[in-house]
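[1] I'd like to go over a predicted model; first the sequence, then the structure.
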Amino acid sequence: MPDDTIWLIDDDPTVRALVEHILDGAGYQVEGFSSGPEALAATGRRPDAVLLDLVMPEMDGVQVLRELKRRYPDLPVIVLTAVNDVSRAVEVTKLGAYDYLVKPVDTERLAATLHHALSHNRLEREVERLRGELGERYHLRNLVGSSSAMCRVYEQIEKVIESDITVFISGESGTGKELVAKAIHYGSHRASGPFVDVNCAAIPEGLQESEIFGHERGAFTGAVAAHPGKFEQAQSGTIFLDEVGEMAPSAQARLLRVLQERIVQRIGGTRRIELEVRVISASNRDLAEMVREGGFRQDLYYRLVVFPIHIPPLRERREDIPPLVDHFLRKFAEDAGRRVERVAPKAMERMVQYAWPGNVRELENVVHRSLLVASGPEITEEDLPPELGGANVAEPQDEEHGFLSLDEIEKRAIARVLGACSWNLSEAARRLGIGRSTLYRKIEQYGLKDAAAREPAD
Ligand SMILES: Nc1ncnc2c1ncn2[C@@H]1O[C@H](COP(=O)(O)OP(=O)(O)OP(=O)(O)O)[C@@H](O)[C@H]1O
Ligand SMILES: [Mg+2]
């Protein structure tokens, strides 16, 4: 890109003059140096790329390259070399040189190589920046709350973060299980690898095996192409088996084998793929209870629950409520461009006393909604939803005219049944007479995880 600063390090003034001329014409800012030490002594801004001669009297190009790479590991360095020295030039690319060009330098080659080096570098830095941001967002410090219960959770996270131990996270819906799983992944040495989230409840039972473990082409009717499963996608990273209690018996059996052997075989395949994947699972259901009732394999249970982390419900750690309210207030006020700065003491009192059946997710939604209706710089009691004693009712307009849309009726029926069977999806689906994956789709569609959490189940 024009305006990028290029350092040209070459002891031959003729070469310098020529290359400077070429680069100048292409709009680059060129700084010429006649030796390595001269360039290395140059203080100030880091260049965007370097053109480096290999054979120089004072300090060999290889040494200069080493020093440049030590200072700026991602700096693109292009080596200039004479024909009889090509093998050495190839050698230096192993030391981190981006590429080499043979003298006499071809104008077009030079421009193209430089252009590539610079855009490649820009892209890499962008990826690095985004990765840092992601890691930052999920890092431990993004978990709010300093109750002794949460401190215990942090301690446990710290204990497992550097090892590859298999973790199981339990806790009611909305307590932050996924957030904890991400904190572990992004805090570990696997942070630059993928975090693959598998929501077992969202995958129809018949498709779970092929989704999670993959299948080869022709493995079953409809398998028109080979499909690498979630485990393969998670190579060198972490797989998060969310709502693992919803896994079908056949998938449970296969998962057990994968965990025992650390090898995955696609359905219909013979290749044994070695896995380098960390396993974290979670459930809002009591998995031990499911084992006793025969709904979950005991041997699998022991493979998954190697290191259990339990996140207590919000009502058991009420001192976390004010800092959480504050956290979400700041988050949403920023998004909405609103200056709602505080919660009135009376409103805060209500929030601290409320039972929060939907836990932190419900609290997050309440803060968001209240912030939108608040008229002044503070959230008052009136701005809270009715279950917290406020007047913030967000009912569908049609109700005023005495009828509900079909969607609304369906939504309410599902919410009621879910509440009645404590979010046991299989049980709720059975009562509603629909498939479990259909139920899951509808939960997503109607945002029921959030809504149901607010409505007391009757
Ligand atoms: N300690 C916390 N600090 C900040 N935000 C939190 C905390 N716990 C939960 N949250 C937020 O609450 C919401 C719900 O958390 P999360 O999705 O991790 O819950 P979950 O336990 O996985 O729920 P479910 O069982 O319904 O899948 C998310 O937006 C998350 O960022
Ligand atoms: Mg979750």
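    Yep, it's here. Ligands and ions are numbered 1, 2, ... in the order given.

[2] after whichever strand or helix holds residue 251, next one along is what?
    Following DSSP states H and E, the helix or strand that holds residue 251 is helix 249-261. Counting by DSSP H and E, the element after helix 249-261 in chain order, helix or strand, is strand 263-264.

[3] Direction included, what does that next one pair up with?
    Here strand 263-264 has these sheet partners by DSSP bridges: strand 273-274 (antiparallel).

[4] Can you name the next helix or strand after the partner strand?
    Defined by DSSP H and E, the subsequent element after strand 273-274 is strand 278-283.

[5] Which neighbouring elements make contact with that next one?
    Secondary-structure packing of strand 278-283 (3 or more Cβ pairs under 8 Å, 6 or more residues apart in numbering; DSSP states H and E): strand 167-170, helix 177-187, strand 238-242. All C-beta spots, glycine's among them, are computed from the backbone N, C-alpha and C.

[6] ok and that strand relative to strand 238-242, angle-wise?
    Counting by axes from the mean of the first three to the mean of the last three Cα atoms, to 10 degrees, strand 278-283 lies at 10 degrees to strand 238-242.

[7] how about the CA coordinates for strand 278-283, as CSV?
    The C-alpha trace of strand 278-283 is given here as CSV (Å, rounded to 0.1, in the frame of the first residue of the first chain):
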residue,chain,number,x,y,z
ARG,A,278,-9.9,-31.1,24.9
VAL,A,279,-13.4,-32.1,26.0
ILE,A,280,-15.7,-29.9,28.1
SER,A,281,-19.3,-30.8,28.6
ALA,A,282,-22.2,-29.2,30.4
SER,A,283,-25.8,-29.8,31.4
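
[8] ok, that strand: who's next to it in the sheet?
    Checking strand 278-283 against DSSP bridges gives partners strand 167-170 (parallel), strand 238-242 (parallel).

[9] Surely residue 3 is in a helix?
    No - applying DSSP: H, G, I helix; E, B strand; the rest coil, one finds residue 3 to be coil, outside a helix.

[10] what residues are up against it?
    27-29 (Cβ atoms under 8 Å, 6 or more residues apart in numbering).

[11] measure the residue of the chain found nearest ligand 1 to residue 361 for me?
    Per Cβ to the nearest ligand atom, residue 176 is where the chain lies closest to ligand 1, at 2.6 Å. For residue 176, the distance to residue 361 equals 8 Å [Cβ to Cβ, to the nearest Å].

[12] Between the two, which is the more surrounded one?
    Neighbour count, other Cβ atoms under 10 Å: between residue 176 and residue 361, residue 176 has more, with 22 against 18.

[13] how close does that one sit to residue 318?
    Taking Cβ to Cβ, one finds residue 176 at 16 Å from residue 318.

[14] again with residue 214
    In terms of Cβ to Cβ, residue 214 sits 45 Å off from residue 318.

[15] Of these two, give the one with the bigger neighbour count.
    Using other Cβ under 10 Å as the criterion, residue 214 and residue 318 rank with residue 214 on top: 23 against 15.

[16] Can you name the residues that contact the more buried one?
    226-232, 264, 266-267, 269.

[17] out of everything not next to it in sequence, what's closest to it?
    In space, and not counting its chain neighbours, residue 214 is closest to residue 229: 3.1 Å by Cβ to Cβ, 6 or more residues apart in numbering.

[18] list the buried ones in stretch 70-83?
    Neighbour counts over stretch 70-83 (16 or more other Cβ atoms under 10 Å) mark 75-81 as buried.

[19] now swap in stretch 111-121 and tell me
    Here stretch 111-121 shows 113-114, 117-118, 121 as buried, counting by 16+ other Cβ under 10 Å.

[20] One more: stretch 47-60?
    47-56, 59.

[21] Please apply the same query to stretch 22-40.
    Buried-residue list, stretch 22-40, by 16+ other Cβ under 10 Å: 22-23, 28, 30-37, 39-40.

[22] cool, and stretch 156-167?
    Buried residues in stretch 156-167 (16+ other Cβ under 10 Å): 156-157, 160-161, 166-167.

[23] Please identify which of the residues you listed is nearest to residue 67.
    residue 161 (34.9 Å; Cβ to Cβ).

[24] and the residue nearest to the closest one when sequence neighbours are not counted, how many neighbours?
    Using Cβ to Cβ, 6+ apart and skipping the chain neighbours, the partner closest in space to residue 161 is residue 187 (4.7 Å). Using other Cβ under 10 Å, residue 187 has 19 other residues around it.

[25] C-terminal to the helix ranked longest in the chain, what's the next element?
    Counting residues, the longest helix found in the chain (DSSP state H) is helix 107-138. Using DSSP H and E, the next helix or strand after helix 107-138 towards the C-terminus is helix 148-161.

[26] which outside residues touch that following helix?
    Residues contacting helix 148-161 (Cβ under 8 Å, 6+ apart): 140, 143, 167, 180, 183-184, 187-188, 307, 309-312, 316-317, 320.

[27] filter those residues to the buried ones?
    Buried among the contacts of helix 148-161 by 16+ other Cβ under 10 Å: 143, 167, 180, 183-184, 187-188, 309, 311-312, 317, 320.

[28] which of these are close to ligand 1?
    residue 143 (Cβ under 6 Å from any ligand atom).

[29] now the buried ones among the contacts of helix 148-161 as CSV including pLDDT?
    Below are the buried ones among the contacts of helix 148-161 laid out as CSV (pLDDT from 0 to 100):
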residue, pLDDT
143, 90
167, 98
180, 96
183, 93
184, 94
187, 89
188, 90
309, 97
311, 97
312, 96
317, 96
320, 95
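
[30] Flag the shaky bits of this structure, pLDDT-wise.
    The model of the chain has pLDDT under 70 over residues 1-2, 43-45, 129, 131-141, 392-403, 450-458.

[31] who in the stretch 1-150 of the chain is up against ligand 1?
    Checking the stretch 1-150 of the chain against ligand 1 by Cβ under 6 Å from any ligand atom, the hits are 143-145.
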